[in-house]
Structure formats: structure tokens, C-alpha cells
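J.: this one's structure only:
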């Protein structure tokens, strides 16, 4: 049985990977500039040079680290790149690269004293996900026009791309989502050329026993709390509240909308995690950053520790033209344009975060683990912010 090894010293791991490339016949040059973004070593053979980044993480390498190296390669002078992990890669990280079909990009992990390749120019199929117990994720804000339907459909699409069985329940009696997609949402897959399909159910068509075969159910909620099915709210493990920095009505007004949304959730479900997601996110202005700090402080005074504002630099949905135009055709906004698709990358980041959180909660329930999660801004007690 193969086993991954995490090294105590990251430089030791780099030297081991360098020796592995030498064993494969490459000349190896370690990067003398430690902690510099980009590559850790150069491997050259028959006139071909590969920029290699080595990651000694204890957990599977997340999508953010892989996309950062991908971005470096696209602006560097090196044609070939490889990223080697001590412990493998998250499903979202593999999906992001495989769906982009990068030809001169490799991903591998170190196991049983050798590099095991997870991706070599789109030659590996995406492994099916093993069945898990059903998970329920609800997208809810006590206000319309914040992007709940877009987030619901495309988060489901990210899970589907990653190999999960997923469906969407249109919980709004006005049936906005169902009106856009019908009973099937189409997920473009540039890697295989074959589209995936997600079943979309009207609220009256959802039945807990009949739909228990799906790994993940996404609930696109009505902004009117009384119009939602309380049983779905009760079963939800993760609530996502989409909002926007650009509109004071969304996140401003003393966070009134957010506080009202959280209160309504807690009246039905007192244990689920609540994640506030910044939608239509751009590089924020100083005024918008002040607004975010102010809202964080207000929420910290009136909410519990399971209410989390996601760090927008790690997990957010960037504003994009392709998302704005979604709805004019049934396909989700995952088509690659110029080799890139920001919505696909953003929703894969979100799906990875949610799955990591669900896993941590399961471990915590089993082991009474109270360790902190990474990459979040908690709504814990904060000092009152000083605005600029």
C-alpha cells in the first residue's frame, strides 16, 4: 500500500524531489532564492526545462496553491511546469487543471519513494467520487437580487465537475431557477467535450426519501423565509448568504439584512454553519474595505461563532461578464474563454472550502476537535473598527 510522507523541513523535500528528477535523467538546479514565489527547482533534459514547484503540506494541496502556480507559469519564461505535493491534491484542484486541459503542466505527489503522476497533460480521467452520506447546502438571503440563483446553480455545477452526484431544489415558488434551466442544468466540460447534467427539482417535487441517492443537494431558497420548506432548512449543514460590497443595500445599513437573515436561519436551525459569501467581487475600494470591517464588527456583537465571513481573497465570486449573461442559454457559465474561466475557478474554490468544512465538522464530532479552520474571517468578538 502506497503512503505519503510529510517532511519536517520543506527544503529536505525539495532536495528529495530534485534527486528523483536526477534519477529520471534530468539536470537539476535548485532555486537559490528561498521563499520566492514561483518555482523551487529547474529540471533540464534534452533541451527541455521544467519549472518545478514543491509543496510540503500536511493536507492535500488546495486549489488556491495550484492556481497560483498556474498563473505564475502563464507569465513566466518557462514553457513546462510541474507541481509536486507531499500529500496529493484536492478534488477541486485536479478538476480545475483537468477541465482547463493544460498541455505543458504536470501534477504529482510523492508516495512510496517516487513521484506518482496525477496529471500529465490531460491524460488522466477524473476518478469517480465514492458515495458519501447526503449533504445539504442552502443558499439564502432575506432579500432578493443578491445572486442566490446564480450561486446555487454554479456551485452545483462545480460539484458535478468534480464528480459528485448533485441536484438542485428550486425552493422559490416563483421558480426563477427552474424557469432558466428547466428540469436540467447543463454543465460544460471542456476536458471531455461531454456536458454533465444536473437534475433541477421544483420544491413540490423534492422528497427526502426519493432524493437520498445524491451526494449533495443544493437548496435555492426563497428570500421569504415562510415560503421555504422547513424540513430542508432543518437538514441543512451549511448555509451560504450571498452579498456584495459594491451595494450598500446588500452589506450596509448596519448589516440589517445580514442580521435578519442569520436570525431567521437560527430560528429553524441552530447548529448549521453560516457562510457570508461576497458575490460580484472586484478589487475593493478603501470605502468598501471600511464597510466590510464595520459589518464584521457588527456581526461579531450579534452572532455566534459558527457565523463566518469568508475571506474574499481566498473564497469569493468575482464579477464577470459571462456570469452576468448567464440565463440567456441553458448552459452554466463554465465555458473557457482564452484558456480561462473565472466562474469555474471561483466556484471550485467555494466547493472545496465547503467540503473541507464538512469533513472538519465530522472529525470534530468524532474526536471532539476544536481546532480553528483556515482562510476565514470569524465573527468572533472584535474591537470596533476605525474607519479611514
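T.: Looks like it arrived, so ask away. For clarity, every value in this text was computed on a predicted model and none was experimentally measured.
J.: When you work out contacts or count neighbours from here on, use the C-alpha atoms and nothing else.
T.: Will do.
J.: in which helix or strand would I find the residue nearest the centre of the chain?
T.: Within the chain, one residue has its C-alpha closest to the average C-alpha position: by CA atoms, centre = their mean, that is residue 349, at 1.9 Å. Assigning secondary structure by DSSP states H and E places residue 349 in helix 342-367.
J.: Angles on the backbone of the residue in the chain sticking out farthest from the centre, please.
T.: Counting by CA atoms, centre = their mean, the extreme residue of the chain relative to its mean C-alpha position is residue 46, 38.5 Å from that point. Phi and psi for residue 46, reported as degrees, to the nearest 10, are phi 50, psi 40.
J.: what do you get for the one 5 residues further on?
T.: Here the main-chain torsion angles of residue 51 (degrees, to the nearest 10) amount to phi -80, psi 120.
J.: dump the residue contacts of it.
T.: Contacts were defined as CA atoms under 8 Å, 6 or more residues apart in numbering; by that measure residue 51 touches 39, 40, 41, 42, 43, 78, 80, 81, 82.
J.: Just the buried subset of the residues you listed, please.
T.: Burial by neighbour count, judged by 16 or more other CA atoms under 10 Å, picks out 39, 40, 41, 42, 43, 80, 81, 82 from the contacts of residue 51.
J.: In helices, which of these appear?
T.: Restricting the buried ones among the contacts of residue 51 to those inside helices, with DSSP state H as the criterion, leaves an empty set.
J.: Of the residues you listed, which is the nearest to residue 30?
T.: The shortest approach to residue 30 among the buried ones among the contacts of residue 51 belongs to residue 41, at 4.2 Å (CA to CA).
J.: Nearest spatial neighbour of that closest one, chain-adjacent residues omitted?
T.: Closest residue to residue 41 in three dimensions, ignoring its sequence neighbours and counting by CA to CA, 6 or more residues apart in numbering: residue 30, at 4.2 Å.
J.: How about residue 235?
T.: Once chain neighbours are set aside, the closest to residue 235 by CA to CA, 6+ apart is residue 136, at 6.5 Å.
J.: if I look at residue 195, how far off is residue 169?
T.: Taken as CA to CA, to the nearest Å, the spacing of residue 195 relative to residue 169 amounts to 20 Å.
J.: These two: which has the busier surroundings?
T.: A side-by-side neighbour count of residue 195 and residue 169, using other CA atoms under 10 Å, places residue 169 first with 25 against 14.
J.: other SSEs contacting the helix or strand containing the more buried one?
T.: Element membership of residue 169, judged by DSSP H and E, is strand 166-170. Applying 3 or more CA pairs under 8 Å, 6 or more residues apart in numbering; DSSP states H and E, one finds that strand 166-170 contacts helix 148-161, helix 176-181, strand 196-202, strand 216-220.
J.: Please produce CSV containing the ones you listed, extended by mean neighbour count and mean pLDDT.
T.: As requested, the helices and strands packed on strand 166-170 are arranged in CSV below (neighbours: other CA atoms under 10 Å; pLDDT from 0 to 100):
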stretch, mean neighbour count, mean pLDDT
helix 148-161, 25, 92
helix 176-181, 18, 85
strand 196-202, 19, 86
strand 216-220, 25, 92
